[in-house]
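Engineer: Using only what follows, build the 3D model:
(chains A and B)
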Amino acid sequence: MDTKRECYLLLLAGAVLLAGVLAVSLAGGAPDYRALGAAAGLALAWPVAHFALRRAGHLGDGLLLPLAAVLTALGLIMVFRLKPGLFMVQALWAAFGLAAFLGSAFFFRQAERWSEYKYFWGLAGIALLLATALFGVDIGGNKNWLFIGPVHFQPSEFAKLFIVLFLAAYLNERREVLTFATRRYGPLIFPQPRIMAPLLAVWGLAMLMLVGQRDLGAALLYFGTATVMIYLASGRAGYLLWGAGMFLVGSVLAYALYPHVRARIDIWLDPWADPSGRAYQVVQSLFALGSGGALGSGLGYGFPGLVPEVHTDFIFAAIGEELGLAGAGAVMMLYILLVYRAFRAALLATSPFRALLAGGLAVLLALQVLVIVGGVTKFLPLTGVTLPLVSYGGSSVVATFILLGMVLAMSEKRPADA
Amino acid sequence: MLDSLRASIRRTAFALLGLLAVLFLYLSYIQVVQSDYLAGHPLNRRTAAAAEKVERGTVFDRRGEKLAFSKKDGEGRYVRHYPYGAIAAHVVGYSSPRYGQSGVESAFNGELSGMNNPERRFGPITGLWTAKAGNSITLTLDGDLQETAYRALGNRRGAVVAIAPRSGAVLVMVSRPAFEPEAVDEDWKEIVGADGSPLLNRAVQGLYPPGSTLKVLVAEAALTEKITDNRKTYDCPGSFKIGPDYVLNESNNTAHGKVDLEEALAVSCNVTFGRLSLELGRNRMAKAFDRFAFARPFGGDFAEASSRLPDFGRLGDGDLAQTGIGQGSLLVTPLRMAMLAAAFADRGTMLKPFLVSRVSAPDGAVLRQFGSVEFAAATSPATAAEVSRMMQQVVSSGTGYAARIGGVKVAGKTGTAENPHGAPHAWFIGFAPAEEPEIAVAVVVENGGAGGEVAAPIARQVMARALR
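Structural biologist: Numbering: from 1, shown residues only, chains lettered A, B, ... in the order given. Okay, here's the model as predicted:
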């Protein structure tokens, strides 16, 4: 991948953003010059970021930023279409995200050095989560918001990254113990309890989030990512069995104890039993996707407003309605490429720690897309997480950009390493 | 060291990318295969929401009177108005953003809403040629005649259907109790819960025993199969014993004495028609129903309930005789009885009834036209003329006396159908003028009593108004 192509692709992403914002604002009557100005600023900022990266000698994967830029562009266009009043805020977050991407791309070049502070990362992640559990504010049914002065953000978006960083470092040091110091009974393996501690800790954290904050989606992401990372480090499928078993126990307990979990499952099994009540959101989402068909109604010509929370968790349904399978499929393809590039970075990484970190981040990204796209299409039970880079919400956008910056750093194959 | 790590990363990548690919396929399934089902689902408010942005087409009657039209309300949304209100509620139907459509509003929803274009699949490009307003529909219905029939039926439950026999055009389709189509949104629960199911279009969905009106069919069959002619006489002692344990009675146990076919029809003699049915037998009776196409659906403009014919092969003698006088398990719709009368009026040819004569674009250009289509060659012109002559006797000197119109020859047949729900249903079918028929009618009044007293005067008012 030569860097010229990265620049072309970024210009294309900028063109997509400008064309989309222009189309939406023209459909509403007069062009909105403020929004167009913000879009032009971002369209310019992306190639500038590219030059900054490459001039500084960064050799990371040249596809990551263009893919992220196109997804951000589509997200911004949809936010502008759905909630024009939130567009400027989201554009600002996208700019912050870009800066965070650059920062993280350079910061994690010395990933090995930072990995020595693994317990700091782990504790920071836990502290962030505990802070929300203690001081969290309930917005839209999820008690996972923190207010610091005028800014409110969702710490669990950032805590994910800390936990992945911690796990990568911790598991990397214990790979041999994980792989060999186990007793086996058939397909079941019994590792030393000490080794299992992080898994149990994350499981506990996930359960805490589930119980304390009703954040089913985040709980699923944490636990899924931790389980798969232990598998990556050990190469032993037995850990996946353990993970699945603990997940099953957790789910059964949650199903038995919590009505909101039970409701989600019931809705998933048969949304048509109560289409105007509990299953309203999912059913409306399916209507939006179905009405969009192959080519969609066209930007501004659909009725995505009928889907509750359409600009955050359900933005994928709005894309499916107005841009059709052509648009929603494109978004899926972009994520598939992004996840593929992240795994590729993991496979080509020069050290086990970098491979684990990139792999863990790829798993996290893939799981998040699976959970939310699966949720709005009724492929899986619905759990509220954001669609990375596309949903409205600053914490999610910035955190995803940091994640991609880390992947970019891991994908770098510097001449010195070779 | 790195190799084993890479192996597990590769496996995980395959698994997760595979799952994402499966999700992609599932998304395609929803947006392509399930698209029509989800887009057209009754709970999907998109069609209604889109409809509020488009001016729905107007529904006209045959004279150009508006039966339904759309007008913008204060908030710029289109709202549907129905000048005839409850009078034409069942035919025209309602169009509600919440409860969907019925009647013509439903059957021609695609045309009226301007959203019948299959180009929906072309996505945003359709915006280039989607209409700003829906197409208009012109019905064969006569608003004035419809109102006459509605008022004539009064507050009784029942239905009136009138057809132009030489084209099959439906002139009148009244069903009572009715509802106010404009009030559907507000009063839905009351309307749905009301006594007598006001949403039911009795003209095409009400199933009734036809009673003695069916005797015209048996008379036709007896003539066609040459079982009898008008010289042969039958003796009516007031009742007719069939088999060991079944007795067919005249109403009021009146003995009609010696009667020929014409007299038997005029006085509606159960004994004679019971006898004729037995002489015809199961096969030829079944054939007669088949010729008049009772069981054949015609689709198109109506959501018709199909008539219930007895299984002739298994019918006992008593039940066969019952069928011959329009009782037993036989159930028909008022529309089918109007078609029966119209077939005799139109020299034995049964035409397909139709309600919509044309579809026009908002600028008035005619897009589609509908006209006469033969539905069944029911009987020969000679036999039709013979039955028609006998039906005139019914009105001039028989039970259909109350359907007489000064200066016009009227053909008809009354019916008083016994039923398990109380007093008999009053029936009248007929047409006028008998020589050059312009209108054929069927009237049923639920639990109304004697057909000659209750249904015939209603038919008379409708026919008189039409011939005025």
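
Engineer: what about residue B:311, neighbour count?
Structural biologist: 10 (other C-beta atoms under 10 Å in any protein chain shown). Glycine gets a C-beta too; all of them are placed from N, C-alpha and C.

Engineer: show me where pLDDT drops low in chain A?
Structural biologist: A:1-2, A:136-152, A:181-189, A:191-192, A:194-195, A:198-199, A:206-207, A:209-214, A:414-418 (pLDDT under 70).

Engineer: how about a cut-off of 80?
Structural biologist: A:1-3, A:27-30, A:130-153, A:176-216, A:260, A:276-277, A:384, A:413-418 (pLDDT under 80).

Engineer: Hmm, residue B:102 is touching residue B:108, no?
Structural biologist: No. Here residue B:102 lies out of contact with residue B:108, judged by C-beta atoms under 8 Å, at a distance of 11.6 Å.

Engineer: Next up, phi/psi of the residue of the stretch 201-350 of chain B found nearest chain A, please.
Structural biologist: At 24.1 Å from chain A, residue B:303 is the closest residue in the stretch 201-350 of chain B, using C-beta to the nearest C-beta. When quoted as degrees, to the nearest 10, the phi and psi of residue B:303 stand at phi -90, psi 90.

Engineer: Smallest gap between the stretch 251-400 of chain B and chain A, at which residue?
Structural biologist: For the stretch 251-400 of chain B, C-beta to the nearest C-beta, closest residue to chain A: residue B:362, 20.4 Å.

Engineer: residue ranges of the helices in the stretch 1-150 of chain A, please?
Structural biologist: Here the stretch 1-150 of chain A has its helices, by DSSP state H, counting those that start in this stretch, at A:3-27, A:33-55, A:64-82, A:87-107, A:111-115, A:118-135.

Engineer: Tell me which of these approaches residue B:352 most closely.
Structural biologist: Residue B:352 sits nearest to helix A:3-27 of all the helices of the stretch 1-150 of chain A, at 46.4 Å, using C-beta to C-beta.

Engineer: ok and that closest one relative to helix A:87-107, angle-wise?
Structural biologist: Helix A:3-27 and helix A:87-107 are oriented at 170 degrees to each other (axes from the mean of the first three to the mean of the last three C-alpha atoms, to 10 degrees).

Engineer: Name the residues of helix A:3-27 that are buried.
Structural biologist: For helix A:3-27, the neighbour count (16 or more other C-beta atoms under 10 Å in any protein chain shown) marks A:6-7, A:9-14, A:16-18, A:20-25 as buried.

Engineer: Centre-most residue in the chain?
Structural biologist: Here I'm looking at chain A. By C-alpha atoms, centre = their mean, chain A has its centre lying nearest to residue A:388, at 4.2 Å.

Engineer: hmm, I had chain B in mind actually
Structural biologist: Residue closest to the mean C-alpha point of chain B, counted by C-alpha atoms, centre = their mean, is residue B:204 at 2.6 Å.

Engineer: you'd agree residue A:227 is up against residue A:240?
Structural biologist: Yes. In this structure residue A:227 lies within contact range of residue A:240 using C-beta under 8 Å: 6.4 Å.

Engineer: Outside of the worst-scoring helix or strand of chain B on mean pLDDT itself, which residues are in contact with it?
Structural biologist: Least confident helix or strand of chain B, by mean pLDDT, DSSP states H and E, is helix B:46-51 with a mean of 74. The contact list for helix B:46-51, computed with C-beta atoms under 8 Å, 6 or more residues apart in numbering or on different chains, reads A:287, A:291, A:302-303, A:306, B:39-40, B:78, B:95, B:97-98, B:113, B:115.

Engineer: helices or strands next to the helix or strand where the residue nearest to the centre of chain B lies in the packing?
Structural biologist: Taking DSSP states H and E as the definition, one finds residue B:204 inside helix B:202-205. On a contact count with 3 or more C-beta pairs under 8 Å, 6 or more residues apart in numbering or on different chains; DSSP states H and E, helix B:202-205 meets strand B:158-164, strand B:169-176, helix B:334-345.

Engineer: Including distance to residue B:151, could these go into TSV?
Structural biologist: What follows is these, written out as TSV (distance: least, C-beta to C-beta, whole Å):
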stretch	distance to residue B:151
strand B:158-164	10
strand B:169-176	9
helix B:334-345	18
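
Engineer: now those in JSON lines, with mean pLDDT and mean neighbour count?
Structural biologist: Converted to JSON lines, these look like this (pLDDT from 0 to 100; neighbours: other C-beta atoms under 10 Å in any protein chain shown):
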{"stretch": "strand B:158-164", "mean pLDDT": "97", "mean neighbour count": "29"}
{"stretch": "strand B:169-176", "mean pLDDT": "96", "mean neighbour count": "28"}
{"stretch": "helix B:334-345", "mean pLDDT": "96", "mean neighbour count": "29"}
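
Engineer: Make CSV from those and add distance to chain A to it.
Structural biologist: Converted to CSV, the helices and strands packed on helix B:202-205 look like this (distance: least, C-beta to the nearest C-beta, whole Å):
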stretch, distance to chain A
strand B:158-164, 34
strand B:169-176, 30
helix B:334-345, 35
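
Engineer: Give me the three-state assignment for the nearest residue to residue B:78 once chain neighbours are set aside.
Structural biologist: The shortest distance from residue B:78 to any non-neighbouring residue, by C-beta to C-beta, 6 or more residues apart in numbering or on different chains, is to residue B:70 (4.4 Å). Put simply, residue B:70 is strand when judged by DSSP: H, G, I helix; E, B strand; the rest coil.

Engineer: what are the bridge partners for residue B:70, then?
Structural biologist: Listed by DSSP bridges, the beta-bridge partners for residue B:70 are residue B:80.

Engineer: the strands in the stretch 201-350 of chain A, which residues?
Structural biologist: Under the criterion DSSP state E, counting those that start in this stretch, the stretch 201-350 of chain A contains no strands.

Engineer: circling back to that earlier point, what's the offset of the least confident helix or strand of chain B from the middle of its chain?
Structural biologist: How far helix B:46-51 lies from its chain's middle: 29 Å, per C-alpha atoms, centre = their mean, to the nearest Å.

Engineer: What of stretch A:62-71?
Structural biologist: Offset of stretch A:62-71 from its chain centre (C-alpha atoms, centre = their mean): 14 Å.

Engineer: can you check stretch A:60-67 too?
Structural biologist: For stretch A:60-67 - counting by C-alpha atoms, centre = their mean - the centre lies 17 Å from the chain centre.

Engineer: hmm, back to that, give me whichever of the helices of the stretch 1-150 of chain A is most buried.
Structural biologist: Of these, the one with the most neighbours on average (mean count of other C-beta atoms under 10 Å in any protein chain shown) is helix A:64-82, at a mean of 26.

Engineer: Could you find the closest non-adjacent residue to residue 375?
Structural biologist: If you meant another chain, say so; for now it's chain A. Excluding its sequence neighbours, the residue lying closest to residue A:375 (C-beta to C-beta, 6+ apart) is residue A:382, at 3.9 Å.

Engineer: The chain in question should be chain B.
Structural biologist: residue B:352 (4.1 Å).

Engineer: For the stretch 151-300 of chain B, which segments are assigned as helices?
Structural biologist: According to DSSP H, counting those that start in this stretch, the helices that the stretch 151-300 of chain B contains are B:184-193, B:202-205, B:215-224, B:261-267, B:270-291.

Engineer: Return the residues in contact with the residue nearest to residue B:78.
Structural biologist: The neighbours of residue B:70, taking C-beta under 8 Å, 6+ apart as the test, are B:55, B:56, B:57, B:58, B:78, B:79, B:80, B:81.

Engineer: Surely the third one is in contact with residue B:109?
Structural biologist: Spelled out, that is residue B:57. No. Using C-beta under 8 Å, residue B:57 is not in contact with residue B:109; the gap is 10.1 Å.
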